[in-house]
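1. All I have is the shape, not the residue letters:
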């Protein structure tokens with residue numbers, strides 16, 4: 001069992017050092033939620049807490065190096081956004097007392113971050129996401145009922161991305177909609193796809209993947225140009241041009257992660273803090289619907305928490 005910290009905010013000398021780890025700008029809003037909630041909880045930057053943050057690290061080796069550096073520098077806690085960041089942080093902190101709070105991660109059990117959701121064990125806890133891919137696919141098809149084939153770009157090396165694709169694929173097939181999976185392994189391949197969307201598709205479904213979502217502006221522009229309904233994993237993506245989402249709010253996930261961090265900084269062992277589950281909400285962009293010539297039913301709008309007009 002990895003050791004855990006047992007100090008408190010009142011007795012520790014100097015500010016706690018919290019490293020912020022995420023690969024792309026897609027998680028900036030999550031970080032802002034984390035930062036704002038810490039302030040709301042009474043942490044003053046520079047006095048009570050120091051946030052070590054140099055911006056998005058980039059994926060792959062860059063993310064690994066950043067996690068290693070944070071642990072070497074002796075940060076007290078790492079806030080890791082997304083599955084790749086959480087996995088990198090856990091590997092870097094293995095055998096140390098560095099605490100890790102993740103948010104969001106789709107499958108923390110599958111990727112080995114925690115022992116159980118109720119009793120995480122070790123030095124890691126955080127905020128996970130509900131299994132919303134099937135319901136999100138159904139919303140996309142309900143809103144665009146003439147759709148016959150949907151493109152799902154995904155990264156096969158990212159568990160969150162590939163599992164989201166498989167769940168959405170199963171849901172689509174039960175609704176008699178063909179799924180066209182398309183593998184993208186890096187940012188360059190995402191750019192190639194955006195510039196060369198395949199023919200014969202009637203919509204696009206994006207999985208939970210920070211690399212892919214980091215190119216949301218380009219993807220949504222390409223979808224509008226082709227008149228394609230676009231389903232996105234996070235509510236904020238609808239504000240960036242996506243048509244519809246049934247998913248989580250990045251800012252709120254950051255806030256809940258900060259509440260867990262607060263408990264840890266006050267002495268609670270991460271091993272005993274249950275993993276929390278984020279909520280999912282429906283969001284619809286009426287501007288995008290108008291741009292692609294898709295009428296939205298009032299019944300759907302009544303069920304949406306967020307509407308972009």
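-> Perfect, I can see it now. Here the structure is a predicted model, which is why all the values come from computation and not from measurement.
2. those strands in the stretch 101-250 of the chain, which residues are they?
-> All strands of the stretch 101-250 of the chain, identified by DSSP state E, counting those that start in this stretch, fall at 124-128, 149-154, 178-183, 203-205, 230-234, 244-248.
3. Now render those as CSV, adding mean pLDDT, mean neighbour count and distance to residue 287.
-> Where you see a C-beta, it was placed from the backbone N, CA and C, and this is true even at glycine. Output for these, formatted as CSV (pLDDT from 0 to 100; neighbours: other Cβ atoms under 10 Å; distance: least, Cβ to Cβ, whole Å):
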stretch, mean pLDDT, mean neighbour count, distance to residue 287
strand 124-128, 97, 27, 30
strand 149-154, 97, 22, 22
strand 178-183, 96, 16, 26
strand 203-205, 97, 28, 17
strand 230-234, 92, 30, 13
strand 244-248, 93, 28, 12
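4. Residue 275 is nearest to which of these?
-> Residue 275 sits nearest to strand 124-128 of all these, at 5.3 Å, using Cβ to Cβ.
5. Walk me through the domains of this structure.
-> Domain assignment for the chain, taken from automatic domain parsing, gives 16-129+250-279, 133-248+282-308.
6. picking up where we left off before, for the strands of the stretch 101-250 of the chain, which one sits closest to residue 26?
-> Nearest of the strands of the stretch 101-250 of the chain to residue 26, taken as Cβ to Cβ: strand 230-234 at 7.9 Å.
7. what's that closest one in contact with?
-> Outside strand 230-234, the residues that touch it by Cβ atoms under 8 Å, 6 or more residues apart in numbering are 26, 136-137, 139-140, 164, 203-209, 213, 216, 219-220, 223, 238, 241-245, 247-250, 288.
8. can you check stretch 296-309 too?
-> By Cβ under 8 Å, 6+ apart, the residues outside stretch 296-309 that reach it are 142-143, 235, 238-239, 281-289.
9. count of residues packed around the spatially closest residue to residue 248 that is not a sequence neighbour?
-> Nearest residue to residue 248, sequence neighbours excluded (Cβ to Cβ, 6 or more residues apart in numbering): residue 278, at 4.4 Å. Per other Cβ atoms under 10 Å, the neighbour tally for residue 278 reads 20.
10. Residue 218 now?
-> Residues near residue 218, counting by other Cβ under 10 Å: 15.
11. quick one: it from residue 235, how far?
-> Noted for residue 218: a distance of 19 Å to residue 235, by Cβ to Cβ, to the nearest Å.
12. Ok, residue 174 next?
-> The gap separating residue 174 from residue 235 is 25 Å, by Cβ to Cβ.
13. quick one, which of these two is more surrounded?
-> Shown here are residue 174 and residue 235; by other Cβ under 10 Å, residue 235 has more neighbours (24 against 10).
14. Nearest residue to residue 141 in space, please, no chain neighbours.
-> Nearest residue to residue 141, sequence neighbours excluded (Cβ to Cβ, 6+ apart): residue 175, at 5.3 Å.
15. Please give me every residue in contact with residue 186.
-> Shown in contact with residue 186 (Cβ under 8 Å, 6+ apart): 59, 211.
16. so how far is residue 156 from it?
-> Taking Cβ to Cβ, one finds residue 186 at 12 Å from residue 156.
17. Mind jotting down where the helices sit in the stretch 151-300 of the chain?
-> Secondary structure of the stretch 151-300 of the chain by DSSP state H, counting those that start in this stretch: the helices cover 159-174, 187-195, 210-213, 216-226, 235-238, 250-265, 286-291, 298-303.
18. and residue 67, which of those is closest to it?
-> Nearest of the helices of the stretch 151-300 of the chain to residue 67, taken as Cβ to Cβ: helix 210-213 at 14.8 Å.
19. which secondary structure elements does the closest one contact?
-> helix 187-195, strand 230-234 (3 or more Cβ pairs under 8 Å, 6 or more residues apart in numbering; DSSP states H and E).
20. And the contacts of the first one?
-> Right, helix 187-195. So helix 187-195 is contacted by 59, 153, 182, 183, 184, 211, 212, 214, 215, 218, 219, 222 (Cβ under 8 Å, 6+ apart).
21. can you count the residues close to residue 39?
-> For residue 39, the count of nearby residues is 13 (other Cβ under 10 Å).
22. before we move on, the earlier item: so, if you compare the contacts of helix 187-195, which one comes nearest to residue 39?
-> Taking Cβ to Cβ as the measure, residue 39 sits nearest to residue 214 out of the contacts of helix 187-195, at 26.2 Å.
23. From residue 169, how far off is the closest residue to that closest one other than its chain neighbours?
-> Spatial nearest neighbour of residue 214, excluding adjacent residues (Cβ to Cβ, 6+ apart): residue 24 at 3.6 Å. Distance, residue 24 to residue 169, using Cβ to Cβ: 24 Å.
24. for residue 278, same thing?
-> Noted for residue 278: a distance of 23 Å to residue 169, by Cβ to Cβ.
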